Structure formats: structure tokens, C-alpha cells
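Visitor: Sequence first, then the predicted structure, then my questions.
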Amino acid sequence: MGIPQSTIDRLIHEQVDHDCTSMGGACVRVAAIADLPTRFGEFQVVAFTSLIDSKEHAALVRGDIIGKDAVPVRLHSECLTGDGFGSLRCDCRDQLEMALKEISEGELGLVLYLRQEGRGIGFANKIKAYQLQQVGFDTIQANELLGFRADERDYEIAAHMLHSLDVRSIRLMSNNPEKIADLRTHGVEVVGRIPLVVPPNQYNRKYLETKRLKAGHLLEELPAIEVVEQVDSARSVGTP
């Protein structure tokens, strides 16, 4: 069972005139809530609109998370190339699907889908960063060469979404300790972390290594991709 209809009606009614922009921070408003059956299981989808920049964000909800503690939560920033096109240059789609599958197997959970493409630099700049990576720069160097910080994302919007849904504390599904720190600065109680570790492929290995070595993501040293490819090759011809 998800969020009851009576609670949905109350949330939407309370949010009609919600506006905290005078406080100087991010502000989102619950616009609509509907059932969303997916290939991973039954969810409800919550549409949020931002009063700052009119961007629309989403929450996929499993169970009645209103007023609950220690809710498994995935903060997922939009990745058109990965989530939509199946790009192998990153691990975004794999992490999203892993989170949805794990949440669907439990009673409660939440995925916040944030419209901040390319670590917050936008789609066109992300593709420019890809061009730089193709000539030898890593993902952080590419962002910096374009005049951005290594990561331009801000999770204040995510914190506001959690508060709007009255989620009292969370277990964050992430390998990125900066997400935990950022959420805590915005008043979110993070009581645990759930790793989302994706095996590397030949296209994203350097990307994952950069996240581990330069961005401080909590990942173990990656196996040599050549070994993985040899094992897969041996399996394909039936070698024991």
C-alpha cells in the first residue's frame, strides 16, 4: 500500500499556496501524485515544481513513507545519456535501476529524480565535457576546463522534497559522502548509507576511478577490465 488517498488530498491542498522563496533558498511544491506501475514494481510518482526556476522534479514512492524514519532513499540526478540512451560512459542508469529494484523488494523506499543534468552543468556542457574526456582529460578536469566546479549540484531541493513528504530520517543509497554532508546541512537526518556499487566496463572504468580517487566516492579499487573481458570471452565459447 502506498500513500493513502486522504493523505494525498491533504498534501496537495496544503501545497497549493506553498511559497518559501522569501527565505532565500530552494522551494518546491507538490503538484500531483499518481500511481505508477513499472517494470521494477508498483510505485507512486510525485510531481514537484520549483518556484525558483520552474524546473520539475520527481519522487518515486514505495509504500506509505509519510512520517516514517530510516527510509531508503536514492538521490538521482538526471542523466539523459545514461538513463535515457543507455550510455556506457557512466554508471547512472545502473545505479538507478539497482536502487529501484532494491526499493521494490522492500516495504518502503523513495527515489528522488532531480533535474540537474551533468552534475549540474546542463546537457550541452556535459557533451562538451565528453569531448574533452575523449582527448585525455578526466571528468573533473573537463568540468574545470569549462569553468565549472567538479560538481555543481545542490541537494537543497532534495531536502525540501523530503520535508514536503514528511520523511523524518533516511538511509541514503549512495557511494558519495558529499551527498550525506550536503543533506545534513539542509536539515535532513541521515541515519545510514546503502552502497550502490556497479561493476566497471571498458568505457566507464576511468570515470569510476576518478570518482574514487578524486571525488572521494566510497568505492573499492576496481578490478582490471582486461581480466573481466577475458573471463566473459571464455564463458562465451563455453570454456569451464
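Guide: The structure has been received and is ready for your questions.

Visitor: mind listing the strands for the chain?
Guide: Secondary structure of the chain (DSSP state E): strands at 28-38, 41-50, 56-62, 71-77, 109-114, 170-173, 190-194.

Visitor: got a list of what the closest residue to G109 other than its chain neighbours touches?
Guide: Sequence neighbours aside, I103 is the residue nearest to G109 in space, at 3.1 Å (criterion: CB to CB, 6 or more residues apart in numbering). The C-beta positions use only the backbone N, C-alpha and C, and glycine is treated the same way. I103 is in contact with F40, L60, R62, P72, R74, G109, L110, V111, counting by CB atoms under 8 Å, 6 or more residues apart in numbering.

Visitor: G67 contacts L165, correct?
Guide: No - counting by CB atoms under 8 Å, G67 stays clear of L165, with 9.2 Å between them.

Visitor: Compare these two (neighbour count), which wins?
Guide: Using other CB atoms under 10 Å, the more surrounded residue of G67 and L165 is L165, with 23 against 10.

Visitor: Would you mind confirming that H76 is in contact with D94?
Guide: No - H76 is beyond contact range of D94, at 11.4 Å (criterion: CB under 8 Å).

Visitor: neighbour-wise, which of those two wins?
Guide: H76 (23 against 17).

Visitor: And the contacts of I103, which is closest to S6?
Guide: Using CB to CB, R62 comes nearest to S6 of these, at 19.0 Å.

Visitor: which non-adjacent residue is nearest that closest one?
Guide: Using CB to CB, 6+ apart, the closest residue to R62 is G109 (4.2 Å).

Visitor: And for the one you found, the neighbour number?
Guide: With other CB under 10 Å as criterion, G109 counts 26.

Visitor: show me the contacts for it.
Guide: V61, R62, G63, I65, V71, P72, V73, R74, E102, I103.

Visitor: so G118 makes contact with K126?
Guide: Yes - contact criterion CB under 8 Å: G118 and K126 qualify, at 3.0 Å.

Visitor: what sits opposite the residue nearest the centre of the chain in the beta ladder?
Guide: Residue closest to the average C-alpha location in the chain (CA atoms, centre = their mean): H76, at 1.0 Å. Residues in a beta bridge with H76, per DSSP bridges, are Y113.

Visitor: Measure how buried K214 is and give me the count.
Guide: K214 has 13 nearby residues by other CB under 10 Å.

Visitor: ok, and the closest non-adjacent residue to it?
Guide: With CB to CB, 6+ apart, the residue lying closest to K214 is I140, at 5.3 Å.

Visitor: could you redo the contacts of I103 as a markdown table and give each row pLDDT?
Guide: Putting these into a markdown table (pLDDT from 0 to 100) gives the following:
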| residue | pLDDT |
| --- | --- |
| F40 | 96 |
| L60 | 98 |
| R62 | 98 |
| P72 | 98 |
| R74 | 98 |
| G109 | 98 |
| L110 | 97 |
| V111 | 98 |
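
Visitor: Is it possible to get a markdown table of those that adds distance to V190?
Guide: Supplementary listing: those in a markdown table, determined by distance: CB to CB, whole Å:
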| residue | distance to V190 |
| --- | --- |
| F40 | 24 |
| L60 | 19 |
| R62 | 19 |
| P72 | 12 |
| R74 | 13 |
| G109 | 15 |
| L110 | 13 |
| V111 | 16 |
